[in-house]
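Asker: With the sequence up front, the predicted model follows.
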Amino acid sequence: MARERAGWIAVPPPFAAGHPRFWLHGASVGEISALPPILAELTRRLPAAQAMVSALTDTGLDTARRLFGPERGFALPLDLPAPLGRALAALRPTALLIAETEFWPGLMAAAREREVPVLIVNGRLSPESLARYRLLAPLFRPAARGLCGVAAQSAADRERFLALGVPESAIQVLGSSKFDGVPWDPPPSPPEWIAGRPVVVAGSTRAGDEALLADALVQLKALAPGVNPLLALAPRHLGRVPEVERDFVRRGLALELRSQEDAPLAAAVTTAAKRGLDVLLLDTHGELAEAYRLGVAAIVGGGFHAPGGHNLLEPASRGRAVAFGARQRAVAGEDALLVAAGGGFRCADATALAESLAPLVRDRDAAAEAGRRARAALAGARGAAGRIAEFVTARLAGTLEVLG
């Protein structure tokens, strides 16, 4: 990685001159994960197109290498003339596509000096970022003015890019390809009770979430007497399993580890439901997606106690309503989208969480309708990758024509 930070990029032989060559860049996992649909649409229009993908963070780099191939991902070089010059000389990109808000003045200046068009895709600019960039206007305004194009996620993002100095003619509001990257399986079956009990699935929980969920489960049982919901919970980090167990046991809730049942997940959930357990703790890898299908509703952790949160789209795409913390940070606006559609519930505390879930565990038709609304909201947001690819090829028309 040190060599890559210094600009020494190993370019695979197929990355050949004479064909469209894209340098894609994203900061971390979220930005990188939304790029494959855009590249797929670009290669559908430009079959000979190839790409190399840089990332700022270690986790982003791991994601880039996993999604695009180990030889195609590299660490972003330092924002200095020498490393950037070496990287650009090695890559010789037709264009540089930057995801969301990665304004690196050195990188953009180096690209401009070499007449490499720079475009922002999935463009997002928060008020906080705009304020920071404005404080350093002499650095960032030339980069903004030199952009070949900005595919903004929303009208609000468009206005902020304009305020930064991006020419109005360079910006279009096209949405986020994040929605296109969600696995889109056939319509799921309606949520079913398992052994006569509704199952609520909590995924990607973090420290502090489980205590709140335990309190919510106690309240939920009181709000839905006789229903006796089962909570299937998957912590974000399995090293926390012992402390997660304690949070539930302290409240008198009966818990068992998934790993204690040597059977497929559906069978393990059925066994837990029949035995009257309150919580099935998924101390296993790779079962969360299937668990969402078994639930009547989902809870996504990470946004209850601090700004952050995790993937709301995975359960919603499977036709399950999603509850999440009031401090969920969903950069593509999926939180607001789901809430507006009636398929998402923003919850400030355990009481709000229990009250949001109570109608869904009492009535499977209500759960099915909320899940249908969640999936329909995502369906309506899909298609940005194609629009962005069309925008990119249009903005690069002259450059691509030279390539033949």
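Answerer: Looks like it arrived, so ask away.
Asker: hey, let's count contacts and neighbours off CA atoms from now on
Answerer: Fine.
Asker: Looking at the record's assignment, how would you partition this structure?
Answerer: 2-178+382-403, 199-381 (automatic domain parsing).
Asker: Can you add mean neighbour count and distance to residue 189 and give the ones you listed back as JSON lines?
Answerer: Shown next, in JSON lines, are those (neighbours: other C-alpha atoms under 10 Å; distance: least, C-alpha to C-alpha, whole Å):
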{"stretch": "domain 2-178+382-403", "mean neighbour count": "19", "distance to residue 189": "21"}
{"stretch": "domain 199-381", "mean neighbour count": "20", "distance to residue 189": "8"}
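Asker: now these as a markdown table including distance to residue 185?
Answerer: Putting the domains of the chain into a markdown table (distance: least, C-alpha to C-alpha, whole Å) gives the following:
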| stretch | distance to residue 185 |
| --- | --- |
| domain 2-178+382-403 | 14 |
| domain 199-381 | 8 |
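Asker: quick one: pLDDT of residue 278?
Answerer: At residue 278, the pLDDT value in this model is 98.
Asker: scratch that, residue 400 is what I was asking about
Answerer: Per the predicted model, pLDDT is 74 at residue 400.
Asker: quick one: what helix or strand has it in it?
Answerer: helix 397-403 (DSSP states H and E).
Asker: and what of residue 60?
Answerer: helix 58-68.
Asker: Can you tell me which helices and strands that helix packs against?
Answerer: The helices and strands touching helix 58-68, judged by 3 or more C-alpha pairs under 8 Å, 6 or more residues apart in numbering; DSSP states H and E, are helix 29-33, strand 50-55, strand 73-75.
Asker: Counting by contacts, list what the longest one packs against.
Answerer: In this case it means strand 50-55. Counting by 3+ C-alpha pairs under 8 Å, 6+ apart, strand 50-55 packs on strand 21-26, helix 58-68, strand 73-75.
Asker: hang on, the earlier thing: relative to residue 313, tell me which of the helices and strands packed on helix 58-68 wins on proximity.
Answerer: Of all the helices and strands packed on helix 58-68, helix 29-33 sits nearest to residue 313, with 12.4 Å by C-alpha to C-alpha.
Asker: who touches that closest one?
Answerer: The contact list for helix 29-33 (C-alpha atoms under 8 Å, 6 or more residues apart in numbering) reads 25-26, 55, 59-61, 63-64, 67, 99-100, 178, 181.
Asker: still on that earlier bit, any idea which of the helices and strands packed on helix 58-68 has the lowest pLDDT on average?
Answerer: When I compare the helices and strands packed on helix 58-68, helix 29-33 is least confident, with a mean of 91.
Asker: could you point out which element follows it?
Answerer: Toward the C-terminus, helix 29-33 is succeeded by helix 36-45 as the next helix or strand (DSSP H and E).
Asker: Going by contacts, tell me the helices and strands next to that following helix.
Answerer: So helix 36-45, by 3+ C-alpha pairs under 8 Å, 6+ apart, packs with helix 384-395.
Asker: From the chain's centroid, how far away is the helix it packs on?
Answerer: Put simply, helix 384-395 sits 20 Å off its chain's centre (C-alpha atoms, centre = their mean, to the nearest Å).
Asker: what's the answer for stretch 45-54, then?
Answerer: With C-alpha atoms, centre = their mean, you get 22 Å for stretch 45-54.
Asker: Using PDB, list the CA coordinates for it.
Answerer: Presented in PDB, the C-alpha positions along stretch 45-54 are these (Å, rounded to 0.1, in the frame of the first residue of the first chain):
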ATOM      1  CA  ARG A  45     -22.500   1.500 -23.600                       C
ATOM      2  CA  LEU A  46     -18.800   1.200 -24.100                       C
ATOM      3  CA  PRO A  47     -18.000  -2.600 -24.300                       C
ATOM      4  CA  ALA A  48     -14.200  -2.000 -24.400                       C
ATOM      5  CA  ALA A  49     -14.200   0.200 -21.300                       C
ATOM      6  CA  GLN A  50     -12.000  -0.800 -18.400                       C
ATOM      7  CA  ALA A  51     -11.600   0.600 -14.900                       C
ATOM      8  CA  MET A  52      -9.200   0.900 -12.000                       C
ATOM      9  CA  VAL A  53     -10.600   1.800  -8.600                       C
ATOM     10  CA  SER A  54      -8.900   3.700  -5.800                       C
END
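Asker: what mean pLDDT does the lengthiest helix in the chain have?
Answerer: Determined from DSSP state H, the single longest helix within the chain is helix 364-381. Per-residue pLDDT over helix 364-381 has a mean of 96.
Asker: Contacts for it next, please.
Answerer: By C-alpha under 8 Å, 6+ apart, helix 364-381 touches 175, 179, 190-193, 296-297, 313, 316-322, 337-338, 341-344, 359-361.
Asker: re the thing from before, right, so of the helices and strands packed on strand 50-55, which gets closest to residue 233?
Answerer: Per C-alpha to C-alpha, nearest to residue 233 of these: helix 58-68, 24.2 Å.
Asker: Identify the residues contacting the closest one?
Answerer: By C-alpha under 8 Å, 6+ apart, helix 58-68 touches 26-30, 32-33, 36, 53-55, 70-75.
Asker: same question, stretch 290-297
Answerer: 188, 191-193, 198-201, 232, 265-266, 298, 315, 318, 320-323, 357, 360-361, 364, 367-368, 371.
Asker: Now go through those residues and say which are in helices.
Answerer: Residues of the contacts of stretch 290-297 located in helices (DSSP H): 265-266, 315, 357, 360-361, 364, 367-368, 371.
Asker: Closest to residue 391 out of these?
Answerer: residue 315 (30.3 Å).
Asker: and the residue nearest to that closest one when sequence neighbours are not counted, helix, strand or coil?
Answerer: In space, residue 315 comes closest to residue 292 once its chain neighbours are excluded; the distance is 5.7 Å by C-alpha to C-alpha, 6 or more residues apart in numbering. The three-state assignment at residue 292 reads helix, by DSSP: H, G, I helix; E, B strand; the rest coil.
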